[in-house]
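Engineer: predicted coordinates and the sequence they were generated for:
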Amino acid sequence: MLYRLFVLHICLCLAQTAQAGPWLREKGAAFLAVSFSTTYFLDTSSQTYLEYGLTDKMTIIADIGIARLRNSPTGGYTTLSFRRSILPADRTSKLAYELGVGTGWIGDEFLPHVRTGLSWGRGISMGKKSGWTTIESAVNWDLTNQLHVAKLDATLGINFTDVTAGMMQIYSAHTVYDSIATIAPSIIISPKNGKYRPQIGTESQIGNIQNSVLKLGLWRDF
């Protein structure tokens, strides 16, 4: 039971950054996001997420997360994967698939997995403001205990000004034992002369407000 709950927790608290989705990085371009989250009870998690354009048609991804829960051993995961587009580059809507391998851990137990994913997204307009929307699905196929975790995430982002953008995200995770969902609003600040974009937000588990999380992050494009 402890392992099942832990897996679901890290799937939501360490959900992929909003810059994930169907868009590919140009060859040689990179994106880095680091984040830190904490609850009122001092459960903490951190994530490092990196995308790199290996070619114009393939983006490689490193996703590393660590969770420290008050009633569980420290654990986390590392996944290396690649993303390729399915639709032609000139299409307004973007569709891409992702394949990867990695391992999770809790205490001294290592849990290898395979990740498969499919994501859709497109740019949008709301009046004079631009934005984006994505829907991302993924399955982590656990190779140890056969505890497969399915995820479905949705993001709506709006560029309020040249400096500020807002996001509303819904993360969900499901196993044969349980399902949980989290709603996550946040603000991203893009200083005109700065290299880093701070992200400030919250995450609240639907039906269990006590599991609310404060999230602080930094994004950077290279």
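Structural biologist: Cool, got the structure.

Engineer: could you dump the lengthiest strand in the chain to CSV, C-alpha only?
Structural biologist: Identified as the longest strand of the chain according to DSSP state E is strand 109-126. Provided in CSV are the C-alpha atoms of strand 109-126 (Å, rounded to 0.1, in the frame of the first residue of the first chain):
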residue,chain,number,x,y,z
GLU,A,109,14.2,-0.5,-3.9
PHE,A,110,14.7,0.3,-7.6
LEU,A,111,11.7,0.0,-9.9
PRO,A,112,12.5,0.2,-13.7
HIS,A,113,9.8,1.3,-16.1
VAL,A,114,9.1,2.1,-19.7
ARG,A,115,7.2,5.3,-20.6
THR,A,116,4.9,5.8,-23.6
GLY,A,117,3.2,9.0,-24.3
LEU,A,118,1.0,10.9,-26.7
SER,A,119,0.5,14.7,-26.7
TRP,A,120,-1.6,17.2,-28.6
GLY,A,121,-1.4,21.0,-28.6
ARG,A,122,-2.0,24.2,-30.5
GLY,A,123,-1.6,27.9,-30.2
ILE,A,124,-4.8,29.8,-29.4
SER,A,125,-6.1,33.4,-29.4
MET,A,126,-8.5,35.0,-26.8
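
Engineer: quickly run through the sheet partners of it, with directions.
Structural biologist: Counting by DSSP bridges, the strands paired with strand 109-126 are strand 94-106 (antiparallel), strand 129-142 (antiparallel).

Engineer: and those strands as a markdown table, adding mean neighbour count, mean pLDDT and distance to Gly76?
Structural biologist: For glycine as for every other residue, the C-beta is placed from the backbone atoms N, C-alpha and C. A markdown table is the format used below for these (neighbours: other C-beta atoms under 10 Å; pLDDT from 0 to 100; distance: least, C-beta to C-beta, whole Å):
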| stretch | mean neighbour count | mean pLDDT | distance to Gly76 |
| --- | --- | --- | --- |
| strand 94-106 | 18 | 90 | 6 |
| strand 129-142 | 18 | 90 | 13 |
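
Engineer: distance to Ser119 for those - can I get that in CSV?
Structural biologist: Shown next, in CSV, are these (distance: least, C-beta to C-beta, whole Å):
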stretch, distance to Ser119
strand 94-106, 5
strand 129-142, 4
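
Engineer: so which of those comes closest to Glu203?
Structural biologist: strand 129-142 (16.0 Å; C-beta to C-beta).

Engineer: if you average pLDDT over whichever helix or strand comes after that closest one, what comes out?
Structural biologist: For strand 129-142, the following helix or strand on the C-terminal side (DSSP states H and E) is strand 149-159. For strand 149-159, mean pLDDT is 90.

Engineer: and strand 149-159, which residues are buried?
Structural biologist: Using 16 or more other C-beta atoms under 10 Å as the test for burial, strand 149-159 gives Val149, Ala150, Lys151, Asp153, Thr155, Leu156, Gly157, Ile158, Asn159.

Engineer: once you drop chain neighbours, what's closest to the third one?
Structural biologist: The one in question is Lys151. Nearest non-adjacent residue to Lys151, counting by C-beta to C-beta, 6 or more residues apart in numbering: Ala138, 4.8 Å away.

Engineer: and the longest strand of the chain with strand 149-159, angle?
Structural biologist: With axes from the mean of the first three to the mean of the last three C-alpha atoms, to 10 degrees applied, the angle from strand 109-126 to strand 149-159 works out at 30 degrees.

Engineer: in strand 109-126, what's buried?
Structural biologist: Buried, per 16+ other C-beta under 10 Å, within strand 109-126: Leu111, His113, Val114, Arg115, Gly117, Ser119, Trp120, Gly121, Arg122.
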